[in-house]
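S.K.: no FASTA, just this:
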């Protein structure tokens, strides 16, 4: 079934390229062009952190490809490309939504593949850099077909997510035969293939110049600001429902926090109980998505979040104490790897829904806190991209 699906995709993409007349064309515009595929949520955050290690001018004209249902990545692109008057954005149908079955994703991927064929022909990229979920699969495959047919010399680069600790993502497993380089962020994902390269962890800026291994008392945990609760771009109504109680708000207020700001994502649960406790001394804010994300994280005293890589990395980058609650409703519980690893390394506190308040109180009373997250540089990724244009 899978083999037939790929064969059908290849044929359809081949016909799409033939219909557009690309066999009779030569690349008239010789300017360097790079397609950057953003996978939404934490995948977008990871990609932009890697790009910050580069001189982006090296990439030439940058074309960002994002899914039509992704409403969060655009603001992050605008922040990253600060000062650029015109942004090149291409929206494509998402090949697979979070939680969508693998069977039905075959058909949505076919639709997305046809759309991506036109994008590849329009842009004619020299380089495609992709990170994350199924969003990047059709654009990478179409670019590979374009290259295989001799229509370009495009290089294809796939960045595996930091959330994949012990097992490669489905996208990584499917696209490994087609990409030129496949960067992984954990050495446990290395293989005998020369395409697979260990890049080191996604780079982050240093929150402080020096990092003590443990922060000992008498320094106390800052509780002067608010608690930020984030669920990412998915549905995590179970978490929102569990904290929507006056008792939860009362305990946060008693600890010293002055409010709570909640990002509810695509969930449908309506917060009610917390609103009844809202006052000038304890403010409650509800957001579907947060567009001034960096400011919100920097200003928070405590972050409670799902175990998405973007949430974890950003909270740790800004030196915020982080309690992670795994969203067990996600397919294959793919967040469990990163949660377990970061907890075992001592960077985060993890909790289930029933013990969240206990973990907050324990964190405030603890004599030692989590380890500071050290700064890293992804020189391997940067050096490879620079080598393409020497």
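M.R.: Looks like it came in fine. Remember, it's a predicted structure, so these values are computed and weren't measured experimentally.
S.K.: okay, buried residues for the longest strand that the chain contains please.
M.R.: Counting residues, the longest strand found in the chain (DSSP state E) is strand 61-67. Going by neighbour count (16 or more other Cβ atoms under 10 Å), the buried part of strand 61-67 is 62, 63, 64, 65, 66, 67. Backbone N, C-alpha and C define where each C-beta goes, glycine included.
S.K.: so the last one touches residue 37, yeah?
M.R.: No. The pair formed by residue 67 and residue 37 falls short of the contact definition of Cβ atoms under 8 Å, at 9.5 Å.
S.K.: which residues are in contact with each of the two?
M.R.: Any residue near both residue 67 and residue 37 by Cβ atoms under 8 Å, 6 or more residues apart in numbering counts here, and that gives residue 135.
S.K.: show me where the stretch 101-250 of the chain has strands.
M.R.: Using DSSP state E, counting those that start in this stretch, the strands assigned to the stretch 101-250 of the chain run over residues 127-131, 155-159, 181-184, 196-198, 227-230.
S.K.: hang on, the earlier thing: next structured bit after the longest strand of the chain?
M.R.: helix 73-80 (DSSP states H and E).
S.K.: output the contacting helices and strands for that following helix.
M.R.: Applying 3 or more Cβ pairs under 8 Å, 6 or more residues apart in numbering; DSSP states H and E, one finds that helix 73-80 contacts helix 41-51, strand 61-67.
S.K.: ok, now with 7 Å
M.R.: In terms of contacts (3 or more Cβ pairs under 7 Å, 6 or more residues apart in numbering; DSSP states H and E), helix 73-80 is packed against helix 41-51.
S.K.: quick one, the helix it packs on and strand 155-159 angle?
M.R.: Per axes from the mean of the first three to the mean of the last three Cα atoms, to 10 degrees, the angle that helix 41-51 makes with strand 155-159 is 120 degrees.
S.K.: helix 41-51 versus strand 61-67: what angle between them?
M.R.: Using the same axes, to 10 degrees, one finds that helix 41-51 and strand 61-67 are set 170 degrees apart in direction.
S.K.: for helix 41-51, the averaged confidence score.
M.R.: Helix 41-51 shows a mean pLDDT of 87.
S.K.: how far out from the middle of the chain is it?
M.R.: Counting by Cα atoms, centre = their mean, to the nearest Å, helix 41-51 is centred 5 Å from the centre of its parent chain.
S.K.: would you agree residue 359 is in contact with residue 322?
M.R.: No. Contact between residue 359 and residue 322 fails when scored by Cβ atoms under 7 Å: they sit 10.9 Å apart.
S.K.: need the residues touching each of those two.
M.R.: Common contacts of residue 359 and residue 322 (Cβ atoms under 7 Å, 6 or more residues apart in numbering): residue 349.
S.K.: which one's more surrounded, these two?
M.R.: The neighbour comparison of residue 359 against residue 322 (other Cβ atoms under 10 Å) goes to residue 322, with 26 against 17.
S.K.: quick one: low-confidence ranges for the chain?
M.R.: For the chain, applying pLDDT under 70 flags the ranges 1-30, 83, 96-100, 102, 132, 204-221, 330-334, 366-370, 376-378.
S.K.: quick one, helices of it?
M.R.: Taking DSSP state H to define them, one finds helices in the chain at 2-19, 41-51, 73-80, 102-123, 136-148, 170-175, 237-243, 246-255, 273-277, 293-299, 309-317, 336-344, 356-365, 379-387.
S.K.: which one of those helices lies nearest to residue 183?
M.R.: Taking Cβ to Cβ, helix 379-387 is the member of these nearest to residue 183, at 5.7 Å.
S.K.: so that closest one versus strand 127-131, what angle?
M.R.: If you take the same axes, to 10 degrees, helix 379-387 sits at 160 degrees to strand 127-131.
S.K.: who touches stretch 64-73?
M.R.: 35-38, 40-41, 44, 77, 87-94, 119, 135, 139, 233, 289.
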